[in-house]
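Engineer: return a 3D structure for these sequence lines:
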Amino acid sequence: MQALIVDNSASVRALLKRMLVELGIAVATAGSGSEALAKMAQAAPDVVLISAHAPGMNGLALLREIRRQPHYASLKVFLLIAESYGAGASLALAAGADACLSIPFTPEMVGDALRLAGLAPLPLAFVDQRFEPLEAGIELC
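Structural biologist: Model prediction:
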């Protein structure tokens, strides 16, 4: 599986990359929406994790641009939002995000979001819980 992380903060990209690599996922990074679109044109990832706040093309604008392109119809897109972003999750889900992860997030939250989006196998313990309430910080559409 290939992931693309889009965030203007090098430290956030590095932290999230480390989490994904530990889950066995190959990772590319981009510091802006335009850089992300260029990388996606070269090699489409399986999932894109986008920071809601970015200079130039913000996360919602990038999400909308991705959803406008039919060849990305099955691409999973997660938006990273600050807990203080209030209506951000609702806006992101309405724009076509598959999930929103609240910052700060944990490796478990990232793994759960990937599993719930069908990008990683569900661990037996998770299946046995019969989908009890999701961990705080993850919203799915």
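
Engineer: tell me where this structure has strands.
Structural biologist: For the chain, strands defined by DSSP state E occupy the ranges 2-6, 26-30, 47-51, 76-82, 99-103, 138-140.

Engineer: mind telling me which of those the model trusts least?
Structural biologist: Note on these: strand 138-140 shows the lowest mean pLDDT, a mean of 51.

Engineer: which intervals of this structure have sub-threshold pLDDT?
Structural biologist: Applying pLDDT under 70 to the chain picks out residues 55, 83-88, 121-141.

Engineer: repeat that for 50
Structural biologist: 84, 124-136, 141 (pLDDT under 50).

Engineer: longest helix in it, please.
Structural biologist: Ranked by residue count, the top helix of the chain under DSSP state H comes out as helix 10-22.

Engineer: tell me what that one is packed against?
Structural biologist: Applying 3 or more Cβ pairs under 8 Å, 6 or more residues apart in numbering; DSSP states H and E, one finds that helix 10-22 contacts strand 2-6, strand 26-30, helix 107-116. Glycine gets a C-beta too; all of them are placed from N, C-alpha and C.

Engineer: C-alpha coordinates for the first one, CSV please?
Structural biologist: When you say that, I think you mean strand 2-6. Below are the C-alpha coordinates for strand 2-6, written out as CSV (Å, rounded to 0.1, in the frame of the first residue of the first chain):
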residue,chain,number,x,y,z
GLN,A,2,1.2,3.5,-0.8
ALA,A,3,0.2,6.6,1.2
LEU,A,4,0.7,10.3,0.4
ILE,A,5,1.0,12.7,3.4
VAL,A,6,0.3,16.4,2.6
